[in-house]
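# need a 3D model of the following:
(4 chains)
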Protein chains: 2
Amino acid sequence: MTGVPTPHVPPRRYRLVADELRRRIEAGVIPPGALLPSESTLMAEFSVARGTVREALALLRSEGLVLTEVGRGTYARPVMPVRRLASERYRKELEQVRSGELGTSFTADQQVDWAAYSLDKDFREVPATEAVAELFGIEPGTMLLERHLLFRTHGAPQQMSVSCLLLDMVAGTPVADPDNEPWPGGNTSQLYSLGHTITGVRERPRWRPPSPDEAEALRIPAGVHVVVITRQTYVGERVVEVAHIVRRADLVDLDYWIDLT
Amino acid sequence: MTGVPTPHVPPRRYRLVADELRRRIEAGVIPPGALLPSESTLMAEFSVARGTVREALALLRSEGLVLTEVGRGTYARPVMPVRRLASERYRKELEQVRSGELGTSFTADQQVDWAAYSLDKDFREVPATEAVAELFGIEPGTMLLERHLLFRTHGAPQQMSVSCLLLDMVAGTPVADPDNEPWPGGNTSQLYSLGHTITGVRERPRWRPPSPDEAEALRIPAGVHVVVITRQTYVGERVVEVAHIVRRADLVDLDYWIDLT
DNA sequence: ACCGTAAGCCTGTCTATACAACCTGTCTAG
DNA sequence: CTAGACAGGTTGTATAGACAGGCTTACGGT
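Residues are numbered from 1 along each chain as shown, chains lettered A, B, ... in the order given. From the prediction side, this is the model:
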């Protein structure tokens, strides 16, 4: 390993191409959102085969610098609004609910106008799987209300979530009616209307590549991953809601305050 | 666009290969750590060109299912211990420090034996960049002690961190001496020794592909991303420490408790 | 003016081939 | 018995060519 200083390092051409393109992007020669030269143009410019160009572009994709669309080309990643999800939102919601104000959890998080978003709803009554039962601290098979929601702002899908409530707790109430979604004040308000004032939330964010379904539903470009937040809503020692929230990982800014006083 | 139900979808062969291999891995036919068939074997088995096989393997790599090593082959990802980073660790640390117990933040998080890990240290005195100054709430250019640490367990790099302290606060104290690292009780203890009892922590986790440096230092396989936690340690309203903690995203289990009482 | 279609560019997928670099186990020479 | 050379297998890199299918635009008919 020590012998020859640089024995004979053949320059990896795809790396040279990638380096040059990276330089242009970082220097602003190719501004965010702008198309890179097409693969055939790059072939000519660098005198390499198409496979080499594609290798270089794949590298840049894996670095999150560029995105590729079939039939259009490869472009520098555009700046997109990053959504902040701060732990304080729960406290704010709780205060709003107690004081009788409006605004859903989603719009409060997003600072998005009420009218600017829409959602797809799909409510189901299902028995608890082992995993969800574990999170609830109940027996598997207990009946749950499973609420699948897909949020959009200005038509663009932003967030997919599955929220589970104990069916015993909500059956026959307005909360179990999809038509009442979106519910002003969000989840906190719904639980409050059922007589439960939440006392804490446990959030476990995890990262992973999107499933094909998620990639499709959220229009996630190749190479971008998702954050899945597993949320348990507590009233005292009891878990009253379990949710999985899925968003593009690169457009989320999680913010947790841990009080030690 | 509605006409033909399934007009003529040519089966993407690399996807078939990937699906079959994924099935075998998930079924346990190929146990964690075991080598997959070589590319040439797969070429023969599925009657496809090598490029197609490599495409399939690249897909599985991007899903985090397999890893590839030059000259050895591709193997199912071995099970690796996932590290839990729960918000409660700060409270525990604080209680330990107050009661005079030992154990660094890292070992407390990791449940790793004190002797099993090592770290590289690199302390620098630098003026605050705009970004860090913003996080501290101070003027850019204020002198800071920048502590670069690389933690390893059993020789394997696990975590890279950069922790900044106000130089005014630590100059001449034992905290500014790299030889005292690792400091029993970790960051909380160090600040306590300076007369500061922390009252809160703000953590902002973000996910992104690793930079080449990070990929190298942490031995991160292709396709795996990192989580970067930006941490601000508070004493009252004042920020006394700012840190960036970098870890492999797939081996971290973040866990935040948000108290609303 | 409008709309549909077709041309042309672009990426996705696939094949075939070649050589380099790397790892491991084996065999040989000392 | 050990150390070094070597052989064979495996992935990395690169080239060339071909066709499929998505997207945009511009042309042309209505």
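# all helices of the stretch 101-250 of chain A, in order?
Along the stretch 101-250 of chain A, counting by DSSP state H, counting those that start in this stretch, helices occupy A:105-110, A:130-136, A:167-170, A:186-193, A:212-217.
# close to chain B, is the longest one?
No - under the criterion of Cβ under 8 Å from any Cβ of the partner chain, chain B is not reached by helix A:186-193; the shortest gap measures 9.0 Å. Every residue, glycine included, has its C-beta placed from N, CA and C.
# any idea how far that helix is from the middle of the chain?
Put simply, helix A:186-193 sits 23 Å off its chain's centre (Cα atoms, centre = their mean, to the nearest Å).
# what lies in contact with it?
For helix A:186-193, contacts defined as Cβ atoms under 8 Å, 6 or more residues apart in numbering or on different chains pick out A:90, A:93-94, A:96-98, A:104-106, A:108, A:163, A:173-175, A:183, A:185, A:197-198, A:233, A:235, A:240-241, A:243.
# which ones among those residues map onto strands?
A:Ser163, A:Thr233, A:Val235, A:Val240, A:Glu241, A:Ala243 (DSSP state E).
# just to revisit the earlier point, pick the most buried one from the helices of the stretch 101-250 of chain A.
The densest packing among the helices of the stretch 101-250 of chain A, expressed as mean neighbour count by mean count of other Cβ atoms under 10 Å in any protein chain shown, is seen in helix A:186-193 with a mean of 22.
# format the CA atom coordinates belonging to it as CSV.
Written as CSV, here are the backbone C-alpha positions of helix A:186-193 (Å, rounded to 0.1, in the frame of the first residue of the first chain):
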residue,chain,number,x,y,z
GLY,A,186,-56.6,18.9,13.4
ASN,A,187,-55.9,15.8,15.4
THR,A,188,-55.6,17.6,18.8
SER,A,189,-59.0,19.2,18.3
GLN,A,190,-60.6,15.9,17.3
LEU,A,191,-59.4,14.2,20.4
TYR,A,192,-60.4,17.1,22.5
SER,A,193,-63.9,16.9,21.0
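# how much space separates the closest residue in space to A:Trp183 that isn't next to it in sequence from B:Tyr192?
Nearest in space to A:Trp183, with sequence neighbours left out and distances taken as Cβ to Cβ, 6 or more residues apart in numbering or on different chains, is A:Gln190 at 5.3 Å. A:Gln190 sits at a distance of 43 Å from B:Tyr192 (criterion: Cβ to Cβ, to the nearest Å).
# same check on A:Glu214?
Relative to B:Tyr192, A:Glu214 is positioned 44 Å away (Cβ to Cβ).
# likewise for A:Leu194?
Separation of A:Leu194 from B:Tyr192 (Cβ to Cβ) stands at 44 Å.
# do the same with A:Ala176
Taken as Cβ to Cβ, the spacing of A:Ala176 relative to B:Tyr192 amounts to 51 Å.
# please apply the same query to A:Leu145.
Counting by Cβ to Cβ, the gap between A:Leu145 and B:Tyr192 amounts to 47 Å.
# kindly report the same for A:Ala131.
Using Cβ to Cβ, A:Ala131 is found at 40 Å from B:Tyr192.
# and the ones in strands among the contacts of helix A:186-193 as CSV, adding neighbour count, distance to DNA strand D and pLDDT?
Rendered in CSV, the data for the ones in strands among the contacts of helix A:186-193 read as follows (neighbours: other Cβ atoms under 10 Å in any protein chain shown; distance: Cβ to the nearest atom of the strand, whole Å; pLDDT from 0 to 100):
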residue, neighbour count, distance to DNA strand D, pLDDT
A:Ser163, 20, 32, 96
A:Thr233, 25, 39, 97
A:Val235, 17, 47, 96
A:Val240, 20, 43, 96
A:Glu241, 25, 38, 97
A:Ala243, 20, 32, 97
